[in-house]
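[1] Pasted the sequence and its predicted model underneath.
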Amino acid sequence: MFIENPTPASSTAGGRWKHSRRSPRQWLGRVAVASAVLVLCPLTTVTVSAQQAQVTGSPGHRVAVIDVGHVFKNLPAIQAQINKVKAELERHEAEIKQKREELNQAAMRLKSLKVGTPEYARQEEHVADLDSKLRLDMRRRHSDLGEAEAKIYYDNYQRIRAAVKAVAVHNHINLVLRFNSNAVDPQNGESAAREIMRNVVYQDDAINLTDTVMRYLEQQTDGKKVATGNRAAIGTSR
């Protein structure tokens, strides 16, 4: 827009000089302004580029993953609690088996008695009482054990969440997603369906927090054991 070839080196240029209404001093002034603009344009471009580079170079969000199921299955403290409930359940099943056998024997004796006799009536009432108590005991114990197991999973999941938060904050991680590290069985329809429904399609092993969180939880457990031991020692010394 500013280039009008002010150099008087050709006849055409000479013609332009001849017919121009501006003096040579005015032309030189316009050339100086054009040169200044051309010089300033690259500087402006560099400044904008530097700003863009600064924005682009700003740290983005950091993401990690954790296999919560793996923590539940392999953390010793959680497994100890679950095994305690399982042992209680097995003991309860053994008691139920014994009571059911007692009920079966009472029912067989009832069959050997003559219907309508006082002894038959007493035995029939005894069988009904055993059956009622057995059913009630089964419902109560299964309910209690189910609640105990649910409490274990809930409480420990809250512990895992707190540990994940602590590790994430320490490492400046903004988001932690759950994933399943179990190998997929292509011959098993349910396993294949779980694979398709996974939220995390791919992750780098470097962003897997599972082992780190487990170590964190183990250190917490060891710390609680030490604190408990110290309190016990203090109590003994008193």
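    That came through fine.
[2] CA atoms only: put stretch 178-196 into CSV for me.
    Below are the C-alpha coordinates for stretch 178-196, written out as CSV (Å, rounded to 0.1, in the frame of the first residue of the first chain):
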residue,chain,number,x,y,z
ARG,A,178,-10.9,-46.1,38.4
PHE,A,179,-9.8,-48.9,36.1
ASN,A,180,-9.7,-52.7,36.2
SER,A,181,-6.3,-54.3,35.7
ASN,A,182,-7.6,-57.9,35.5
ALA,A,183,-6.8,-59.8,32.3
VAL,A,184,-9.7,-60.2,30.0
ASP,A,185,-11.0,-63.7,29.0
PRO,A,186,-12.2,-63.5,25.4
GLN,A,187,-14.0,-66.8,25.8
ASN,A,188,-16.1,-65.4,28.7
GLY,A,189,-19.0,-63.2,27.6
GLU,A,190,-19.2,-61.4,30.9
SER,A,191,-15.5,-60.7,31.0
ALA,A,192,-15.6,-59.4,27.4
ALA,A,193,-18.5,-57.2,28.2
ARG,A,194,-16.7,-55.6,31.2
GLU,A,195,-13.7,-55.0,29.0
ILE,A,196,-15.9,-53.1,26.5
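[3] Give the rounded mean pLDDT of the one helix or strand Leu136 maps to.
    Per DSSP states H and E: Leu136 is located in helix 118-170. Per-residue pLDDT values over helix 118-170 give a mean of 94.
[4] Note down every partner strand of the helix or strand that that helix is followed by and its orientation.
    Where DSSP H and E defines the elements, the next helix or strand beyond helix 118-170 is strand 175-178. If you go by DSSP bridges, strand 175-178 pairs up with strand 63-66 (parallel).
[5] The partner strand: which residues count as buried?
    Neighbour counts over strand 63-66 (16 or more other CB atoms under 10 Å) mark 64-66 as buried. (C-beta placed from N, C-alpha, C; glycine too.)
[6] before we move on, back to that, tell me which strands and helices the helix holding Leu136 is in contact with?
    helix 68-74, helix 76-112, helix 210-237 (3 or more CB pairs under 8 Å, 6 or more residues apart in numbering; DSSP states H and E).
[7] Dump those helices into TSV; add mean pLDDT as well.
    Shown next, in TSV, are these (pLDDT from 0 to 100):
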stretch	mean pLDDT
helix 68-74	94
helix 76-112	94
helix 210-237	73
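[8] and those helices, which is most packed in?
    Counting by mean count of other CB atoms under 10 Å, helix 68-74 has the highest mean neighbour count of the helices and strands packed on helix 118-170, with a mean of 16.
[9] Could the C-alpha coordinates of that helix be exported in CSV?
    The C-alpha coordinates for helix 68-74 follow below in CSV (Å, rounded to 0.1, in the frame of the first residue of the first chain):
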residue,chain,number,x,y,z
VAL,A,68,-9.7,-50.1,43.6
GLY,A,69,-10.6,-53.8,43.3
HIS,A,70,-6.9,-54.8,43.5
VAL,A,71,-6.5,-52.8,46.7
PHE,A,72,-9.4,-54.5,48.3
LYS,A,73,-8.2,-58.0,47.3
ASN,A,74,-4.5,-57.5,48.2
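[10] rewinding a little: and the angle for the helix holding Leu136 with helix 76-112?
    If you take axes from the mean of the first three to the mean of the last three CA atoms, to 10 degrees, helix 118-170 sits at 170 degrees to helix 76-112.
[11] Quick check: the nearest residue to Ile66 once chain neighbours are set aside vs Gly223, distance?
    Nearest residue to Ile66 in three dimensions, chain neighbours excluded: Leu209, at 4.7 Å (CB to CB, 6 or more residues apart in numbering). Between Leu209 and Gly223 the distance is 20 Å, computed by CB to CB, to the nearest Å.
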